[in-house]
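[1] Please find the sequence and the predicted model below.
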Amino acid sequence: MRGIACALALAMSVAALTGCSVNESAPPQPSTPVPTPATVVIGTLPTDDLLPLWVAIENGFAVQNGVDIVIQTFASAQEQIAAVSAGELDAIMTDLVVTVQLSASGTRMRVVTVLQGSPAGIVANADSGIETVADLAGVPVGCSSPTIMQYILDTALTKADVPQQQWNTTEIKDLPTRLEVLLSRQIGVAVLPWTMHAYAVQQGAVSLIGPGQADEVTSTVLAFRADFLNQPGADDVVAAIWRSWDAGVASVNASPSTYEDLLRTKASLPDDLVYPVRTYPSSAPVTQGQVEAVVAWMMDRGYITTPVPFDDLKYPG
């Protein structure tokens, strides 16, 4: 926890100096030095999930709350996962599948807050003739595994009573390629993150699962490395993150259009994409039901061999 350690060291050195040298002509000094804000490094993908934290940084809410938030944007989840596994990040904006995967593979993570609802939805190209999820029996769907997008697809197919033997997932890991083959009619259906989902609909595609249907299924989250949270002072840092997030949420929800340019820049949105700023929830813990449903799905799919208990993933533990 680099920032916490530096802040404590600075506070101790200042206290030592003021205790060893007294200048009677100098004005009285506060008995407790003001600590330097702890630095927290968060990794994200180019999505809109962290907008309230970007707002908190831009508006000075984070430093006012005692935390210096540094956000690093990664082009792919693989790069982001590698960075947090190597200890180069303190936390990541991610989903529950990644959180469980990391914990199962030895990089223990804990979810400190939910950020948004589901990160993706399902869309069909305009010429496919597909109008509902029930129409997907035997139809190739562009997706990738093992990911939260596959979980969203599997959950939607299950709820629509599509027999599992008629599920037909086509592996297309690269998201821009997945969007391109959908719009070029090379594939009829794809699971896409919301910005790409919105762009496809803007180009005439049909939304099969939008935010209203998907948000109850899963959530994006802010997950910290457990070894960060185990250090002295970490609880205060998390509390500062919560306050900063909530201040950013209040600002965004009060005037969403004010932050359209900031979102477009930070999330690298296409210039021709009409993508209104969403409303955001206040900081809140992840639900046990969502976590256990993801763990059960990953066990059933063979992506993990031992269940990861909810108590190992929640914060505080």
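    Right, received. Where do you want to start? Residues are numbered from 1 along each chain as shown.

[2] so where's this structure uncertain?
    Filtered on pLDDT under 70, the chain yields the residue ranges 1-36.

[3] OK, contacts around the most centrally placed residue in the chain?
    For the chain, the residue nearest the mean C-alpha position is residue 93 (2.9 Å; Cα atoms, centre = their mean). By Cβ atoms under 8 Å, 6 or more residues apart in numbering, the contact set of residue 93 is 42, 43, 44, 45, 47, 49, 50, 115, 220, 221, 222. Yep, even glycine has a C-beta here, placed from its N, CA and C like the rest.

[4] tell me the domain ranges of this protein?
    Using automatic domain parsing, the domain ranges for the chain come out as 2-10+29-117+219-313, 120-214.

[5] for the stretch 51-200 of the chain, what spans make up the helices?
    Along the stretch 51-200 of the chain, the segments classed as helices by DSSP state H, counting those that start in this stretch run 51-58, 61-64, 77-85, 96-104, 148-159, 175-183, 194-202.

[6] Of all those, which one is nearest residue 286?
    Nearest of the helices of the stretch 51-200 of the chain to residue 286, taken as Cβ to Cβ: helix 96-104 at 7.3 Å.

[7] mind listing the strands in this protein by residue range?
    Listed from the start of the chain, the chain has strands (DSSP state E) covering 38-44, 67-73, 91-95, 109-116, 120-124, 141-143, 169-171, 189-193, 206-209, 220-225.

[8] which strands and helices sit next to the last one?
    Same thing as strand 220-225. In terms of contacts (3 or more Cβ pairs under 8 Å, 6 or more residues apart in numbering; DSSP states H and E), strand 220-225 is packed against strand 91-95, helix 96-104, strand 109-116, helix 234-254.

[9] what separates the third one from the chain centre, distance-wise?
    Its chain's C-alpha centre lies 8 Å from the corresponding centre of strand 109-116 when counted by Cα atoms, centre = their mean, to the nearest Å.

[10] ok, and what's touching it?
    Outside of strand 109-116, the residues within contact range by Cβ under 8 Å, 6+ apart are 48-50, 84, 91, 93, 96, 99, 102-103, 215, 219-226, 229, 238, 241-242, 245, 278, 280-281, 283-286, 291, 312-315, 317.

[11] re earlier: need the contact list for the nearest residue to the residue nearest to the centre of the chain once chain neighbours are set aside.
    What sits nearest to residue 93 in space, not counting adjacent residues and going by Cβ to Cβ, 6 or more residues apart in numbering, is residue 44, at 4.1 Å. Neighbouring residues of residue 44 by Cβ under 8 Å, 6+ apart: 50, 71, 72, 73, 74, 80, 92, 93.
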